[in-house]
Structure formats: C-alpha cells, structure tokens
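**Student:** I would like the atomic coordinates for the input below:
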Amino acid sequence: MSEFTDRYKARMARRGDGSNRKIRMKQAKDTYNRHFADAIGYREATVWGRESVELGWVQEENIDIIAETNTNGYERMITCRPDTRLAVGSYIKFKVFEDDENPRTFIIRELVKPDPVPTYRVFECSQILHIKGCPIGFPCFSYNSTYSSKGLIDTDRNYMLDSRNKLYIQKNKFSCRLWEHYHGYRIRLGDEDGWVTFKITEMDDFSYKGMFIVSLKVEQRHHLDGVEEPQYAYNDEVIDFTDLGYGSKEEDGTVTDVKTQLILEYEYYYKVGKTLEIASNKEVVDWGYDSTMFDIIEEENERTFKGVPNQVGTITFNIVDSDEQVKTITVIVKES
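**Tutor:** Coordinates of the predicted model:
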C-alpha cells in the first residue's frame with residue numbers, strides 16, 4: 001500500500017494539485033488581460049441580452065473582444081476577456097474591420113471554450129424579422145440571403161436540421177409570444193431591393209437555450225402583403241403583444257417608461273363617399289392626415305377616426321399615441 005501511495009503522490013506532484021492549477025490559471029488570465037488590447041482583431045463591442053431587448057434595447061453592456069477571421073462568410077469566433085460570460089441568444093455588435101463605417105450585429109450561438117479566455121461562436125444577422133404588433137424587430141441570422149437554396153445543416157449537434165430555410169432569433173418574451181402562434185404564420189424578409197414571403201413551419205425551442213430556430217417555407221405572395229408597410233405579410237389574425245409592454249429599468253430594478261405597442265384596426269381599401277374607419281387600442285393624440293381628402297369627418301377622438309373620402313388616391317396617416325410613438329399607415333381609396 002505504501003508503494004502505491006508513494007507513486008500516487010509522485011504522479012500528483014508532477015501534475016500539480018488543485019491549488020497550483022488555480023494559481024496557473026490566474027496567472028494565465030492576468031497575462032491575457034494585460035495584452036488583450038494589443039492583439040490582432042481587438043475590437044470594442046456592445047452586447048444586448050434578453051432583458052435588455054425586452055426593455056426596449058436599453059442597458060447594453062460594453063465589452064472587449066478579439067474577432068477572429070471568418071472562414072465561411074457568416075460565422076465568426078470571438079474571444080472575450082477572462083471571466084466574461086455571455087448568454088446564448090444575446091446580440092453583439094462590433095466592427096468586423098477597423099475601417100468599417102458601421103458595426104455589424106451578430107447573435108451568439110454557443111460557448112465554445114470557457115477558460116482561460118472564453119470563446120464564442122457567433123452568426124452575423126443579415127435580416128430583421130418584423131411581426132405586426134410587436135414593439136421590436138428581431139435581428140436574425142439567415143444562412144442564405146437569397147432565400148432560394150438550402151439552409152444550414154448543423155452537423156455538430158445531436159440531430160440534423162432539415163434543409164429548409166431557417167432563422168436564428170433571440171428567445172425573449174416577444175419571440176415566445178410568436179412561438180405560441182407561429183404555425184402557418186406568414187412573414188416577409190428582404191429590403192427595398194425586394195421582399196419574399198414565407199410561412200413559418202416550425203420553431204425549435206430546445207436545441208439552444210437562448211434561441212429559437214425558425215423553419216421557413218417560401219409562400220405565394222398575397223395581394224395584401226406589404227400594403228400597410230412593406231415588412232409585414234398579411235395574416236388573418238394579428239398576434240397580440242399589448243400586454244407585454246417594453247420600457248427602461250432604473251438602477252433599483254424598477255421598470256419605468258413601459259409602453260404598450262400601438263395597434264390599429266382598419267381596412268386597406270375604401271371607396272369614395274363611404275366611411276373610412278380606424279380604431280386604436282390606446283389613446284391617440286394626433287391622427288395626422290390631410291383634411292382635404294375628406295368631405296366629412298364623422299368622428300375623431302382618442303380611440304376612433306371616421307371620415308368620408310372625397311377622391312380617389314392614397315391617404316397617409318401619421319398617428320401619434322399618448323406615449324409619443326408614431327405609426328404611419330397608408331390606405332387606398334377607389335371609385336365607388
């Protein structure tokens with residue numbers, strides 16, 4: 001027994017005991033911190049976690065990172081200072097190249113290595129997902145910005161994602177509300193150069209703790225897609241986000257300036273001589289319209305506008321609510 005004990009002690013002495021390992025780890029971290037800002041790829045970055053986004057993109061965290069060169073155009077590895085911990089699904093923004101005019105937004109996919117300097121895999125967000133009635137847009141990673149070829153297949157997970165188009169978005173109270181109503185929900189992605197309509201077929205909420213993976217299928221365009229605003233696809237029902245609110249948080253933890261999203265009910269098309277009606281879910285202080293487009297204003301109060309158009313054309317309303325949120329809508333007036 002003594003011989004075995006002696007061999008064990010000798011082996012542990014060569015390896016170093018736990019306290020020695022802690023000392024070496026601390027020394028390594030101190031060295032990394034001293035030289036961190038001198039490394040190639042050093043950048044200043046801004047992080048928005050789940051709570052920051054839920055409160056209206058406030059209380060961002062400023063951190064230092066080293067951005068490694070990407071190899072596939074959409075994925076990067078970033079290294080943080082020792083003991084920096086970032087949640088999966090958080091958004092991080094930084095300049096990819098030093099001479100970039102504007103920073104780019106990425107979503108944190110996973111922690112690759114925790115110590116001595118934490119390393120994360122991040123995906124660049126090339127699109128913003130807009131949901132009618134939701135007070136925020138969701139920056140999202142889409143594997144193919146043309147929306148025509150196969151999506152990303154995760155070979156480093158325990159299962160394979162299918163080959164349809166997919167979006168990675170942060171899991172927060174707003175995306176969780178979408179998850180409750182997602183099946184068959186129609187969305188639009190794109191920009192001024194072109195929009196494509198999709199139908200949501202699946203929202204994977206278990207593969208990554210802080211993210212949803214949204215599966216999409218290209219959908220035939222509806223004649224009402226983009227009529228109200230170009231980023232919104234037509235759906236028979238509007239998801240209700242009004243009870244969630246958003247605002248800012250004080251240092252003592254109390255939430256202030258919580259705003260309910262302004263939602264309007266109206267038709268896209270009206271006829272000359274017929275009543276045009278708009279209803280609001282909250283107090284409106286200014287309906288913001290061109291009065292020359294109406295013969296009669298039948299009703300105009302905090303919640304309702306009713307007027308009779310006098311000519312064919314488009315009528316734009318710049319509606320301001322009691323929280324000074326502005327929503328612009330355009331309706332089309334046709335011949336009777």
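**Student:** look at the spatially closest residue to Ile131 that is not a sequence neighbour and give its secondary structure.
**Tutor:** Nearest residue to Ile131, sequence neighbours excluded (Cβ to Cβ, 6 or more residues apart in numbering): Leu178, at 5.9 Å. In this view, the C-beta of every residue, glycine as well, is placed from N, C-alpha and C. Secondary structure state of Leu178, per DSSP: H, G, I helix; E, B strand; the rest coil, is helix.
**Student:** same question, Thr31
**Tutor:** helix.
**Student:** can you get me a residue count around it?
**Tutor:** 12 (other Cβ atoms under 10 Å).
**Student:** same check on the one 10 residues further on?
**Tutor:** A count of neighbours around Gly41, defined by other Cβ under 10 Å, yields 16.
**Student:** my read: it touches Met77, true?
**Tutor:** No: contact criterion Cβ atoms under 8 Å: Gly41 and Met77 do not qualify, at 9.9 Å.
**Student:** picking up where we left off before, quick one, what contacts the residue nearest to Ile131?
**Tutor:** Taking Cβ atoms under 8 Å, 6 or more residues apart in numbering as the contact definition, Leu178 lies against 131, 134, 185, 203, 239.
**Student:** tell me if I'm right that the first one and Ile187 touch.
**Tutor:** Yes: taking contact to mean Cβ under 8 Å, the distance of 7.2 Å between Ile131 and Ile187 places them in contact.
**Student:** hmm, back to that, relative to Gly89, how far out is the residue nearest to Ile131?
**Tutor:** According to Cβ to Cβ, to the nearest Å, Leu178 and Gly89 sit 14 Å apart.
**Student:** try Thr31
**Tutor:** Taking Cβ to Cβ as the criterion, Thr31 is separated from Gly89 by 31 Å.
**Student:** most neighbours among the contacts of Leu178, please name it.
**Tutor:** Busiest of the contacts of Leu178 [other Cβ under 10 Å] is Ile131, holding 24 neighbours.
**Student:** and the end-to-end length of stretch 26-45?
**Tutor:** 24 Å (Cα to Cα, to the nearest Å).
**Student:** hmm, back to that, can you list residues touching both of Gly41 and Met77?
**Tutor:** Counting by Cβ under 8 Å, 6+ apart, the residues touching both Gly41 and Met77 are Glu68.
**Student:** any idea what the residue most central in space within the chain is bridged to?
**Tutor:** Geometric centre of the chain, nearest residue: Phe138, 2.2 Å, by Cα atoms, centre = their mean. Taking DSSP bridges, one obtains Leu129 as the residues bridged to Phe138.
**Student:** per-residue pLDDT, it?
**Tutor:** Per-residue pLDDT puts Phe138 at 92.
**Student:** same question for Gly89.
**Tutor:** Looking at Gly89, its pLDDT is 93.
**Student:** now Cys80
**Tutor:** Confidence score, pLDDT, at Cys80: 93.
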